[in-house]
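> Here you go, sequence then predicted model.
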Amino acid sequence: MEVQSAMKDEHVIEMLDSVPFGSLSKEQLSAIKSHGRVCVSCGNAYQAAILSAAVIKERLQSVVEPTPFFATKVLAALHEQQAVENVPAFIRLWRSAGALVSSMAVATVALAAFSFAVPSTLTPASDQTASAYSAEAVILDQAGEDQMSYEQVLSTMYSDDEEAK
């Protein structure tokens, strides 16, 4: 009777949610039934609990057989996975990065060809222009053809000393 008096103040929905339906005692089930007659929402919850317990019990009793080709499909997938794992690491690496490595090699060859072939055709091949610019000429901002020879420099220096005497 104490279960029934507690049910008057509380709804049985909390009890049905907290305890599995199959583990309820006979006293609790009778209290839930009597409260379900008075309270419509608790009566609906009790009916739902009965139905869900019946569905679960029926589902547990049914046996599901795999399709006839299930084992064949599983074994085929296993053999395929093992075949992929048996490929050497270098071949797997080449399959994934082959296009990148090939394009890098082509770019390197093209840059090498441009650096050796193109500059020789675009620049004049005269040694006079390269030797005309010495470090002194660039620093002193002198043109290459106007440069004085050592004899001219010495004669200029000593001629000033002779005139001063």
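Cool, the structure landed.

> When you work out contacts or count neighbours from here on, use the C-alpha atoms and nothing else.
OK.

> show me what contacts the residue most central in space within the chain?
When CA atoms, centre = their mean is applied to the chain, the residue found nearest the centroid is residue 96 (14.9 Å). Contacts of residue 96 were listed using CA atoms under 8 Å, 6 or more residues apart in numbering, and none were found.

> for the biggest helix by length in the chain, what is the average pLDDT?
Longest helix of the chain, by residue count under DSSP state H: helix 89-122. Confidence for helix 89-122, expressed as mean pLDDT, is 84.

> Show me how this protein divides into domains.
2-61, 135-159 (automatic domain parsing).

> hang on, residue 33 packs against residue 40?
No. Applying CA atoms under 8 Å as the test, residue 33 and residue 40 come out as separate, 11.1 Å apart.

> Show me which of the two is the more surrounded one.
Ranked by neighbour count (other CA atoms under 10 Å), residue 33 and residue 40 place residue 33 first, with 17 against 11.

> same for the helix or strand hosting that one, what does it pack against?
Element membership for residue 33, per DSSP states H and E: helix 26-38. Judged by 3 or more CA pairs under 8 Å, 6 or more residues apart in numbering; DSSP states H and E, helix 26-38 is in contact with helix 2-9, helix 40-61.

> immediately after the longest one, which helix or strand?
Sequence-wise, the next helix or strand beyond helix 40-61 is helix 70-85, with elements assigned using DSSP H and E.

> Need the residues that contact that following helix.
Where contact means CA under 8 Å, 6+ apart, no residue beyond helix 70-85 reaches it.

> For it, the averaged confidence score.
86.

> Would you mind giving the helices and strands packed on helix 26-38 as JSON lines with mean pLDDT added?
Supplementary listing: the helices and strands packed on helix 26-38 in JSON lines, determined by pLDDT from 0 to 100:
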{"stretch": "helix 2-9", "mean pLDDT": "47"}
{"stretch": "helix 40-61", "mean pLDDT": "86"}
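
> Please name whichever of the domains of the chain is nearest to residue 118.
With CA to CA as the criterion, residue 118 lies closest to domain 135-159 of those, at 27.2 Å.

> That'll do, ta.
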